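In: Pasting the sequence and the predicted coordinates here, then a few questions.
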Amino acid sequence: MKPKILGASLGTCVHVAGIINFLRLAQQEGYETYFLGPAISPRELVEAILKYQPQIVGVSYRLTPEVAKNLFQELREQIKKVGIKGKKFIFGGTPPVAKVAQESGLFEAVFTGLESIEEIISYLRGKIFTGKVQEIAHNLIERIKQKTPFPLIRHHFGLPSLEDTIRGAGQIAEAKILDVLSLGPDQNAQESFFRPHEIDPQQSGAGGVPLRKSEDLEAIYQATRTGNFPLVRCYSGTRDLIKWAEMLVRTIHNAWAAIPLCWYNQLDGRSSREPEEAIAESQEAIRWYAQRGIPVEVNEAHQWSLRDAHDSMAVTMAFLAAYNAKKLGVSHYVAQYMLNTPPGTSPAMDLAKMLAKIELIESLHDESFKSFRQIRAGLASLSSDLLIAKGQLAASVQLGLHLNPHIVHVVGYSEGNHAATPEEIIESCKIARGVIERCLLELPEIKSDEKILKRKEKLIRESRVILQALKNLGGDHPEPWCDPKIISRAIKSGILDAPHLRGNKYAAGKIHTRIIAGACHAYDPEKDRIITEKERLVSWL
């Protein structure tokens, strides 16, 4: 038999959103819930307790503390009058009223709306959350389970000063608003951490925190051992990936790896490696993490969209990345779905593209392979006007929630203007959390919109054409989609291509793309029309 919770807004209080949200969460945790409504008198509440016989009675009041004190006293008298015993009473309201509720001694637990999701879920699961380290999950899979139905909140962080980054990491952890802190090293560290003689002092702090020794990572990690003890993770380096992996696991207990398949080399100028060499080294690092049971994210598809690749290409690369991860032994895969990229992509076409990616990636699911959905705003989509950017951040999170993510990667609203400070990260995460809490009430079902479904199906068909061309390029190779030589040849030949690769000797860079009606298409500028993948890849089909 399900345990019962009875909820009501007391006295003349008509504010019910908080108690309804709490009861909805209780339902998801397996409770049978009853809601009496707004403005319920203490006598009416006691009568309902006798009728429904709940184990827990939730009381809400959001008006004046002075009136609340009298209401609580009246409720106590009514309970005593009818002899109710063995019931747990909990309270939710504004902080001033919550203080009165706490002083009344009537309530087992008091919530002010400032609590973390962990505290509320922990209470519903039968324990009072104190924030002790042993109560918090310290790996990605368990943290997702602990937080459900709420997604984890993640944010990127790395200031040009190591000292400021250490101090800021502690400040963010103390705020108890995010679950995953992603460290961003500067370019010097990513490329030359293990080759200090190559480091350019003039570029120190460019793009992130200037990590120069493993103790720097340990210091940042220790600073986060407070608050809600967020998981910590870091992007891979752009060279020496196995050395990076070993160091990150040892120092920050890397929550999951983030390794591209085709990038961090001469294609994007982030290292001197050639693409074939980089792909092989990335695969080696992915396998290293897989052998240790550590989740992996292959942050690949959005790298193509950031270079104005058409949507079919982005969908193809999302699948190819997941396929490689599975073949390399990854059990738990983090699939990142970057929205708003390229700029000009409409919300409807964004959903269609992401749903196509999801369908292809999750077609790989079996007992040995599962993916977790991670949404994020596109960096280039945020205005340099901070007030406008706040609205854009909220809109992007709401759109992404239609994809039922396990992780919300928050991009700070300030990123279109400057790297986010700890205060701005906390504020951005709170904006995201507000959207999440609101949308979990129930979003309208727009994924079944005919226009979105039609576009999704077309992208899947077009993606399969690209994958077939890649297979044909490999000839008799048993695994052409995983072979570094074949993948690098596909980039060089133009099977895999993006406009921003023009002029790169390791890529074709011949493709033209254009945003039309909110979607990014391959485009023939001479004939002034959209071209299909069968037309574009006729030489390889």
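Out: Ah, there it is. Numbers count the residues shown, from 1 in each chain.
In: List the contacts of residue 501.
Out: 267, 307, 491, 507, 508, 509 (C-beta atoms under 8 Å, 6 or more residues apart in numbering). (C-beta placed from N, C-alpha, C; glycine too.)
In: Determine the three-state secondary structure at the spatially most central residue of the chain.
Out: Central residue check for the chain by C-alpha atoms, centre = their mean: the C-alpha nearest the mean position is that of residue 408, 2.4 Å away. Assigned with DSSP: H, G, I helix; E, B strand; the rest coil, residue 408 falls in the strand class.
In: one step back: and the contacts of residue 501, which is closest to residue 103?
Out: Nearest to residue 103 among the contacts of residue 501: residue 307, at 60.2 Å, using C-beta to C-beta.
In: Let me know the helix or strand that that closest one is in.
Out: Per DSSP states H and E: residue 307 is located in neither a helix nor a strand.
In: That one touches residue 499, doesn't it?
Out: Yes: using C-beta atoms under 8 Å, residue 307 is in contact with residue 499, at 6.7 Å.
In: Out of the two, name the residue with the larger neighbour count.
Out: For residue 307 and residue 499, the more surrounded residue by other C-beta atoms under 10 Å is residue 307, and the numbers stand at 22 against 17.
In: residues in contact with that one?
Out: Per C-beta under 8 Å, 6+ apart, neighbours of residue 307: 498, 499, 500, 501.
In: go on, residue 140?
Out: Residue 140 touches 152, 180, 231, 255, 256, 295, 332, 334, 372, counting by C-beta under 8 Å, 6+ apart.
In: okay, now the nearest residue to the last one once chain neighbours are set aside: neighbour count?
Out: Using C-beta to C-beta, 6 or more residues apart in numbering and skipping residues adjacent in sequence, the residue nearest residue 372 is residue 406, 4.2 Å away. Summarising burial for residue 406: neighbours were counted as other C-beta under 10 Å, giving 22.
In: i'd like the first residue to be 25 from this point on
Out: Fine by me, first position is 25 from now on; the one you just mentioned is residue 430.
In: Do I have it right that residue 430 meets residue 174?
Out: No: Residue 430 is beyond contact range of residue 174, at 9.9 Å (criterion: C-beta under 8 Å).
In: give me the low-pLDDT residue ranges for this structure?
Out: 140-142, 151-159, 465 (pLDDT under 70).
In: just the buried members of the contacts of residue 525?
Out: Among the contacts of residue 525, those classed as buried by 16 or more other C-beta atoms under 10 Å are 291, 331, 515, 531, 532, 533.
In: of all those, which two lie farthest apart?
Out: Between any two of the buried ones among the contacts of residue 525 (C-beta to C-beta), the greatest distance is 12.7 Å, for 331 and 532.
In: how does this structure divide into domains?
Out: Per the record, the chain has its domains at 28-138, 162-175+195-204+248-448, 480-564, by automatic domain parsing.
In: and the longest one, how far out from the chain's middle?
Out: Put plainly, it is domain 162-175+195-204+248-448. A distance of 8 Å separates the centroid of the chain from that of domain 162-175+195-204+248-448, by C-alpha atoms, centre = their mean, to the nearest Å.
In: Span of that domain from start to end?
Out: 25 Å (C-alpha to C-alpha, to the nearest Å).
In: could you point out the longest helix in the protein?
Out: helix 474-497 (DSSP state H).
In: Pull out the buried residues from the helix or strand harbouring residue 455.
Out: Assigned by DSSP H and E, residue 455 falls within helix 446-463. By neighbour count on 16+ other C-beta under 10 Å, the buried set for helix 446-463 is 446, 448, 449, 450, 451, 452, 453, 455, 456, 457, 459, 460.
In: Not counting its own residues, what contacts that helix?
Out: 45, 174-175, 177, 179, 181, 191-193, 195-196, 199, 201-202, 414, 417-418, 421-422, 425, 432, 434-438, 444.
In: again, only using 6 Å
Out: Contact with helix 446-463 is made by 177, 179, 192, 195-196, 199, 201-202, 417-418, 421-422, 425, 432, 434, 436-438, as judged by C-beta atoms under 6 Å, 6 or more residues apart in numbering.
In: Could you tell me how far it lies from the centre of the chain?
Out: For helix 446-463, the distance to the chain centre is 12 Å (C-alpha atoms, centre = their mean).
In: Repeat that for stretch 492-503.
Out: 34 Å.
In: Send me that stretch as PDB with only the CA atoms.
Out: What follows is stretch 492-503, C-alpha atoms only, in PDB (Å, rounded to 0.1, in the frame of the first residue of the first chain):
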ATOM      1  CA  GLN A 492      26.600   4.800 -46.300                       C
ATOM      2  CA  ALA A 493      29.000   7.000 -48.200                       C
ATOM      3  CA  LEU A 494      31.500   6.600 -45.300                       C
ATOM      4  CA  LYS A 495      31.000   2.800 -45.400                       C
ATOM      5  CA  ASN A 496      31.600   2.800 -49.200                       C
ATOM      6  CA  LEU A 497      34.800   4.800 -48.700                       C
ATOM      7  CA  GLY A 498      36.000   2.100 -46.400                       C
ATOM      8  CA  GLY A 499      35.500  -0.700 -49.000                       C
ATOM      9  CA  ASP A 500      35.800  -4.100 -47.300                       C
ATOM     10  CA  HIS A 501      36.900  -2.700 -43.900                       C
ATOM     11  CA  PRO A 502      34.800  -4.500 -41.200                       C
ATOM     12  CA  GLU A 503      34.400  -1.200 -39.100                       C
END
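In: picking that back up, pipe the domains of the chain into CSV and attach distance to residue 471 per row.
Out: Compiled in CSV, the domains of the chain are given as follows (distance: least, C-beta to C-beta, whole Å):
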stretch, distance to residue 471
domain 28-138, 20
domain 162-175+195-204+248-448, 6
domain 480-564, 9
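In: most packed of those?
Out: domain 162-175+195-204+248-448 (a mean of 21; mean count of other C-beta atoms under 10 Å).
In: Of the buried ones among the contacts of residue 525, which belong to strands?
Out: Among the buried ones among the contacts of residue 525, no residue falls in strands (DSSP state E).
In: Closest one of those to residue 464?
Out: For the buried ones among the contacts of residue 525, the nearest to residue 464 is residue 331 (34.5 Å; C-beta to C-beta).
In: gap between the closest one and residue 308?
Out: Taking C-beta to C-beta, to the nearest Å as the measure, residue 331 falls 25 Å from residue 308.
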